[in-house]
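Engineer: A predicted structure for the sequence below; I have some questions about it.
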Amino acid sequence: MAAQIIDGRGLAGVVRQEVAARVEGLVARGVTPGLAVVLVGDDPASQVYVRSKERMAGKVGISAQTIRLPSDVQPEELLRQILALNEDSSVDGVLVQLPLPSQFSGGVEAEILGQISPEKDVDGLHPLNLGKLVAGEDGFVACTPSGCMRMLASTGVDLTGKRAVVIGRSTIVGKPMAHLLLAQNATVSICHSRTVDLADRVREADVVIAAVGRPELVRGDWIKPGAAVIDVGINRTEEGTLVGDVAFDEVTQAAGHVSPVPGGVGPMTIAYLLNNVSLAAARRSEREGR
Ligand code: NDP
């Protein structure tokens, strides 16, 4: 039987409704949640993502601003902007759109991102928030893995005791994803480019998260019958269409649940960004006694 499709677009609409309700309550108490996105350079994909974040923020009542910096901006200037946003009381969430240009390589990017105030770190990339995730404490969790967990929850699959394989070990997707699955009592393996016999590791999994950036890497005969498969990958083909890291047509023949690309994880990532901004504003409201 063909897999059930996890409708990320529909589920993102549900999350946005939840966020809009929270925002409405905050606005009634005089707190309008604010998001600031910093965009460096003119990468077309990043521009599309940023516009989409702005538009969706507006839909749920979050006030969004984008700070555009030229592609040759020096790290000192980006840092100055971040420190100013940290001080701006109308901004609850600060997000630097990745990837950054080459002058930020060699550890500079992580150093700069680490300067975003942990209370405004809605991407969950500050070492404090990463540490809280590992320690099982409340903090900001990266948006994509949060969205993936909600998608898994929507399938009704109980993760306790299940074998989960995460392909990809980035700080923004793979690693936080693995910790979220672990917190739900899954037995988790993290695979990466040096993993030996990747297909065999995936064949053991009840839950597969593909966050690689390799078009259709995960094949149908890698999938344990009935497994839940979440495809995080976004890859543009030469013809200009978007495909995931999962060979969707093959995988639907074996999996129990599978998320599509587009219309899967992408909309959920934005929905959880808005969720994080609304949570940051709710914490501000508590701090200010409103
Ligand atoms: P990174 O490039 O930071 O990480 C990719 C990971 O995949 C690395 O850990 C790498 O291993 C691993 N990898 C690469 N090739 C292979 C291979 N052949 N076999 C096994 N593992 C491999 O990417 P991100 O985590 O940032 O993103 C992953 C994908 O998800 C991309 O397509 C990105 O566009 C997409 N994405 C989608 C989002 C959404 O909202 N839908 C949000 C964020 C990302 P190693 O560490 O050894 O190099």
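Structural biologist: Cool, got the structure. Residues are numbered from 1 along each chain as shown.
Engineer: what segments of this protein are helices?
Structural biologist: Here the chain has its helices, by DSSP state H, at 8-28, 44-59, 75-87, 108-113, 127-135, 143-155, 174-183, 198-203, 248-254, 265-287.
Engineer: where's the nearest residue to Ala199 once chain neighbours are set aside relative to His126, distance?
Structural biologist: Nearest non-adjacent residue to Ala199, counting by C-beta to C-beta, 6 or more residues apart in numbering: Trp222, 4.7 Å away. Quick note: C-beta positions are derived from backbone N, CA and C, even for glycine. Going from Trp222 to His126 by C-beta to C-beta, to the nearest Å gives 35 Å.
Engineer: which of the two has more neighbours?
Structural biologist: Trp222 (24 against 20; other C-beta atoms under 10 Å).
Engineer: residue contacts, that one?
Structural biologist: Shown in contact with Trp222 (C-beta atoms under 8 Å, 6 or more residues apart in numbering): Ala199, Val202, Arg203.
Engineer: of all those residues, which comes closest to Leu100?
Structural biologist: Nearest to Leu100 among those, counting by C-beta to C-beta, is Val202 at 31.4 Å.
Engineer: if we can go back for a sec, among the contacts of Trp222, who's most crowded?
Structural biologist: Ranked by the number of neighbours (other C-beta under 10 Å), the contacts of Trp222 place Val202 first, at 24 neighbours.
Engineer: what distance do you get for the closest residue to that one other than its chain neighbours to the ligand?
Structural biologist: Nearest non-adjacent residue to Val202, counting by C-beta to C-beta, 6+ apart: Trp222, 4.3 Å away. Using C-beta to the nearest ligand atom, to the nearest Å, one obtains 12 Å as the distance from Trp222 to the ligand.
Engineer: likewise Leu128?
Structural biologist: Separation of Leu128 from the ligand (C-beta to the nearest ligand atom) stands at 21 Å.
Engineer: which pLDDT does the model give that residue?
Structural biologist: In this prediction, Leu128 carries a pLDDT score of 97.
Engineer: now for it: which residues touch it?
Structural biologist: Leu128 neighbours (C-beta under 8 Å, 6+ apart): Pro118, Asp121, Gly139.
Engineer: the first one: neighbouring residues, count only.
Structural biologist: Using other C-beta under 10 Å, the number of residues around Pro118 comes to 16.
Engineer: same question for the second one.
Structural biologist: Close neighbours of Asp121, defined as other C-beta under 10 Å, add up to 25.
Engineer: surely it and Phe140 touch.
Structural biologist: Yes - assessed by C-beta atoms under 8 Å, Asp121 is found in contact with Phe140 at 5.2 Å.
Engineer: what's the overlap in contacts for these two?
Structural biologist: Residues touching both Asp121 and Phe140 by C-beta under 8 Å, 6+ apart: Asn129.
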